[in-house]
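[1] need coordinates for the below:
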Amino acid sequence: LIVMTTSEGVKGEEKPKAAKSIVEDQFPPKPSQWESPLYRTFWIIALFVVPWAFYVSIEHSNEYGANGSKKAGRVGKGWLFGRYQDLSDHQWRTWRQFFPYLLLGLLLFVAVGKAIRQKYGTKGTILYYNVISVGMIVVIHGLDAIWLYGTSLVNYAIARKFKGSHATWALTWIWNVAILFLSDYYLGFKGTYGFFGLRFLEKYGHGIFSWHVYFKMSFLRNIAFNMDYYWMLNGRKPDPKVASKSEYLNNSETPKNEKDYSLLPYLAYTYYVPFFIAGPIVNFNAFMSQVEKPQTTYTSRQIWRELAKVLLYTLIMEVFLHFFYHGAFSEHRLWSSQNFSSIQTCFTGFWTLNFMYLKFLIIWRFFRVMALLDGIDSPENMNRCVNNNFTFTGFWRSWHGSLYKWILRYVYIPLGGTKYQVGTIWIIFTFIGLWHDLKTRWVAWALLNCLFFSLEIVVMFVFSKKTFATLWKKWYWRHLVAVFGVLDIFLLMCANLAILYGFEFTPIFMKKAFGDVGTFLGAWAILWIGVMWMLEIREGEKRTQQIKKF
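    Numbers count the residues shown, from 1 in each chain. Just a heads-up that it's a prediction; the model follows:
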């Protein structure tokens, strides 16, 4: 799975200066251990454990399948192998319903866009982007498109009115945060039409999807545009060390001319069709630079190959959902019943997290590939498999990499960066949790991530001291790192399952899954082998000079 679903991200990505990781590149790479007796033993264990995990999970799912006697949520008739399929996840259910239309529509969007860019240049392309985005947003949101464009116009007015003064960044954040939270709390301000005597529009004017859900992505682009414009006016110089690392980072760091920060380019950027629904997130400088001069980092062959991989991932997901019904077990909390053993509860959490990973991998990669076909590069999300992470630092950087870079540029560094690292983490994760949703489960996710992330930073800082330099060279150092890595994985599971279960049910789940001593020790041993594997993968990256530092 690690080999199948992992692909390289953009080389030379910007990283914050922080305490060196206890698993970072402290010494020259060691010789490969894949052929050593220890790792040969790991391979033998894996040959038994992996098929056993699949067998136990599928057999348990079969109890809720076509020939089973139990029911679970939206587990119903599928289209492969005569089996039932789990379509409990609303997001995936919607995605697979609209995927063919998205694929054909975006391919047409790209083809027409290329023709317009070739004939009419940058101005024609910007106009084309705006015309198509208006049509798309009206189809999706109906008359509620007024809310999206209205918030954008106010945001743009703030930037143009206050220009390079501190009021620009202050009012930008106040305005966008206020709209983000108020629109979520009041469900997109439903009832407003009735207040103005247009009650019939409450029934017909809201479109297919609620506008305030998609404002979350527009929020990020509103901040990015105003801050890029503010920094340009104040003469912020690009960091040559960062700008020289890749074409995308050079575009991102280099300010545009003031005329480029006008209304039509801003709206084209904010509502650019391939990025509108789910990202990835790109800043205005990089977007506008690539409208003028399309990216050259990836060849057409590489991009089409990535699209083929996305289609392959989609097929893998469909097959997966015909054999594993753990999404339904999680959605309806069937794991809390007495019928679920400790091991079955463990696998519910494990396969649910893997499902979430594959779902977002497909969605984010699809939109990124479509933008690449149009000449627009963006930071890559998920450049490591979910099963190839054992630290909060690494997981956060690789899971939603483009949001990580947005946070780094517009929140982390302006708040002081590493100077106040532990304190800023609490601000950042609380913001990210509330940005996702004003629900207690996201607050739980934020607070748990803050707590565990802070502990990890402290541990990494302590072990990076020269006091432990002799320990780094010991034969058992990697084994010790793996032991703590397993603890980190348990904490990662706890923090991320809080999205599903919140404050109330996360402790219950962890107790049910790992309360049995035998299950806990078995899970710890298997995960320890997994972390040892991950560490050797990272040594291999050092040997081939592909160091990702997480």
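[2] okay, CA-based contacts and neighbour counts for the rest of this
    OK.
[3] what does the residue nearest the centre of the chain show for phi and psi?
    Residue closest to the average C-alpha location in the chain (Cα atoms, centre = their mean): residue 400, at 2.7 Å. Dihedral pair for residue 400: phi -120, psi 70, per degrees, to the nearest 10.
[4] got it, and residue 41?
    phi -60, psi -40.
[5] excluding residues flanking it in the chain, which one is nearest the residue nearest to the centre of the chain?
    Distances taken as Cα to Cα, 6 or more residues apart in numbering put residue 381 closest to residue 400, at 4.8 Å, once the chain neighbours are dropped.
[6] wouldn't the residue nearest to the centre of the chain be in contact with residue 379 here?
    No - look at residue 400 against residue 379 with Cα atoms under 8 Å: they stay out of range, at 9.3 Å.
[7] run the chain-centre distance for stretch 357-375.
    Here stretch 357-375 is found 11 Å from its chain centre; the criterion is Cα atoms, centre = their mean, to the nearest Å.
[8] oops, could you answer that again for stretch 105-124 instead?
    Counting by Cα atoms, centre = their mean, stretch 105-124 is centred 28 Å from the centre of its parent chain.
[9] any stretches of the stretch 1-150 of the chain with poor pLDDT?
    1-27, 69 (pLDDT under 70).
[10] what is the helix or strand containing residue 397 packed up against?
    In this structure, residue 397 sits in helix 392-399 according to DSSP states H and E. Applying 3 or more Cα pairs under 8 Å, 6 or more residues apart in numbering; DSSP states H and E, one finds that helix 392-399 contacts helix 440-463.
[11] thinking again about what came up before, pLDDT value on the residue nearest to the centre of the chain, please?
    pLDDT, the model's per-residue confidence, is 86 for residue 400.
[12] from residue 267, how far out is residue 207?
    Going from residue 207 to residue 267 by Cα to Cα, to the nearest Å gives 20 Å.
[13] what about these two, which has more around it?
    Shown here are residue 207 and residue 267; by other Cα atoms under 10 Å, residue 267 has more neighbours (23 against 17).
[14] what's near enough to touch that one?
    Contact analysis of residue 267 by Cα atoms under 8 Å, 6 or more residues apart in numbering lists 130, 152.
[15] looks like the residue nearest to residue 400 contacts residue 402 (just checking).
    Yes - the criterion here is Cα under 8 Å, and residue 381 meets it with residue 402 at 5.9 Å.
[16] and for those two, which residues touch both?
    The contact sets of residue 381 and residue 402 overlap at residue 280 (Cα under 8 Å, 6+ apart).
[17] how near is the residue nearest to residue 440 when sequence neighbours are not counted to residue 90?
    With Cα to Cα, 6+ apart as the criterion, residue 440 has its nearest non-adjacent residue at 6.4 Å, and that residue is residue 502. Shown here: residue 502 relative to residue 90, a distance of 18 Å by Cα to Cα.
[18] the more surrounded of those two?
    It is residue 502, of residue 502 and residue 90, that has more neighbours when counted by other Cα under 10 Å, with 19 against 9.
[19] follow-up on the earlier one: next, the angle from the helix holding residue 397 to helix 440-463.
    If you take axes from the mean of the first three to the mean of the last three Cα atoms, to 10 degrees, helix 392-399 sits at 120 degrees to helix 440-463.
[20] what does the helix or strand just after helix 392-399 contact?
    Heading C-terminal from helix 392-399, the first helix or strand you meet, by DSSP H and E, is helix 401-407. Here helix 401-407 makes contact (Cα under 8 Å, 6+ apart) with 14, 220, 280-283, 378-383, 396-397, 428.
[21] out of those, which is nearest to residue 259?
    Nearest to residue 259 among the contacts of helix 401-407: residue 283, at 16.9 Å, using Cα to Cα.
[22] for the closest residue to that closest one other than its chain neighbours, what are its contacts?
    Take residue 283 and drop its neighbours on the chain: the residue closest to it by Cα to Cα, 6+ apart is residue 224, 5.6 Å away. Counting by Cα under 8 Å, 6+ apart, residue 224 makes contact with 283-284, 410.
[23] from those, keep the buried residues only.
    Using 16 or more other Cα atoms under 10 Å as the burial test, the contacts of residue 224 include 283-284 as buried.
[24] which of the contacts of residue 224 fall in strands?
    Using DSSP state E, the subset of the contacts of residue 224 located in strands is empty.
[25] make TSV out of the contacts of residue 224 and add pLDDT.
    TSV is the format used below for those (pLDDT from 0 to 100):
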residue	pLDDT
283	93
284	95
410	92
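[26] where's the residue nearest to residue 283 relative to residue 265, distance?
    Taking Cα to Cα, one finds residue 224 at 13 Å from residue 265.
[27] any weak-confidence spans in this protein?
    Applying pLDDT under 70 to the chain flags residues 1-27, 69, 193-205, 243, 547-550.
[28] now the strands for it?
    Going by DSSP E, the chain shows strands at 75-77, 84-86.
[29] can you spell out which helices and strands pack onto the first one?
    For strand 75-77, the packing partners by 3+ Cα pairs under 8 Å, 6+ apart come out as strand 84-86.
[30] remind me, longest helix of the chain?
    Taking DSSP state H as the criterion, the chain has its longest helix at helix 90-141.
[31] sketch out the helices for the stretch 301-450 of the chain, chain order is fine.
    Ranges of helices within the stretch 301-450 of the chain are 326-331, 342-373, 392-399, 401-407, 421-436, 440-463, based on DSSP state H, counting those that start in this stretch.
[32] out of these, nearest to residue 32?
    Nearest to residue 32, of all the helices of the stretch 301-450 of the chain, is helix 392-399, at 22.4 Å by Cα to Cα.
[33] tell me which of the helices of the stretch 301-450 of the chain sits most buried.
    Scoring the helices of the stretch 301-450 of the chain by mean neighbour count under mean count of other Cα atoms under 10 Å gives helix 326-331 as the most buried, with a mean of 24.
[34] just to revisit the earlier point, mind putting the helices of the stretch 301-450 of the chain into CSV with distance to residue 479?
    CSV is the format used below for those (distance: least, Cα to Cα, whole Å):
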stretch, distance to residue 479
helix 326-331, 32
helix 342-373, 23
helix 392-399, 19
helix 401-407, 29
helix 421-436, 27
helix 440-463, 15
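[35] wait, which of those helices is closest to residue 57?
    Of these, nearest to residue 57 by Cα to Cα is helix 342-373, at 6.8 Å.
[36] now do the closest one: distance to the chain's middle.
    10 Å.
[37] next one: residue 92 from residue 287, what distance?
    On the measure of Cα to Cα, residue 92 and residue 287 end up 28 Å apart.
[38] more neighbours: those two, which one.
    Of the pair residue 92 and residue 287, residue 287 is the one with more neighbours under other Cα under 10 Å, namely 25 against 18.
[39] no more questions from me, cheers.
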